[in-house]
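In: Sequence first, then the predicted structure:
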Amino acid sequence: MDDDNAIVIVGVGCKFPGADDLDEFWRVLSEGENHVIEIPRERWNNDAFYHKDPSEPGKTYVTRAGFIKRYDEWDNKLFNVNEMEAAWVDPQQRYVLDCVHMAMEDGGITRKDLSGSNTGVYIGVMNDDYKGSSNNDLNDMNNYSLTGTSPSIISARVSYMYNLLGPSMSIDTACSSALVAIHTASQALKSGTCPVPLYIVQ
């Protein structure tokens, strides 16, 4: 590869169905494990939503899915998020913060190394199911409801958490969001817009 086009991936953090980190994900791939399973009742009662006819209004014909383990567990104190705010933080935001933390550990990078730097954050994000299910009762909403459930805040939360002063972008181009985020981050790196881009695939 031409040096002008070479990009180094320094650290990786990830969560997938059946894998909580990169080593576990490699095991899933190398052993050909399938973690698409019947939807467990503890996640939701699919009997209430399932219908064999795909065109049935208000129903789904999906019976299987891939699930990330311990979706309801999060060390909010690690990220200086109080209990009231944590209750409103979309799991997508939690996963991004967790994966950024893992990637920095994997790459041997500390918060101090990046704090105040021109590091950019580029995140491919799509859908906001948590927002739809969380905002049903207006009496429960508070000042964290918007920041906790808005996809646009996902990148900003990372920038704020680590005091990153470069571009902060949540990119939604539907199914291509992750690829567009990687492309945008790569272009920013090559152009010198920011020396270290963090890009997150969701």
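Out: That came through, no problem. Numbers count the residues shown, from 1 in each chain.

In: Check whether Asp53 really touches Thr60, as I assumed.
Out: No. Counting by CB atoms under 8 Å, Asp53 sits too far from Thr60 to count as a contact (10.5 Å). In short, each C-beta sits where N, CA and C put it, glycine included.

In: out of these two, which sits in the busier spot?
Out: For Asp53 versus Thr60, neighbours defined as other CB atoms under 10 Å are more numerous around Thr60 (12 against 8).

In: ok, and the closest non-adjacent residue to that one?
Out: Phe49 (5.2 Å; CB to CB, 6 or more residues apart in numbering).

In: Equivalent analysis for Asn118, please.
Out: Computed as CB to CB, 6+ apart, the closest residue to Asn118 that is not its neighbour in sequence is Gly166, at 4.4 Å.

In: Please apply the same query to Thr147.
Out: Leaving aside its sequence neighbours, Thr147 sits nearest to Ile153 (CB to CB, 6+ apart; 5.0 Å).

In: Tell me the pLDDT of the one you found.
Out: Here the pLDDT value assigned to Ile153 is 92.

In: if we can go back for a sec, burial of the residue nearest to Thr60, as a residue count?
Out: 14.

In: close enough to count as contact, it and Lys59?
Out: Yes. Taking contact to mean CB under 8 Å, the distance of 6.0 Å between Phe49 and Lys59 places them in contact.
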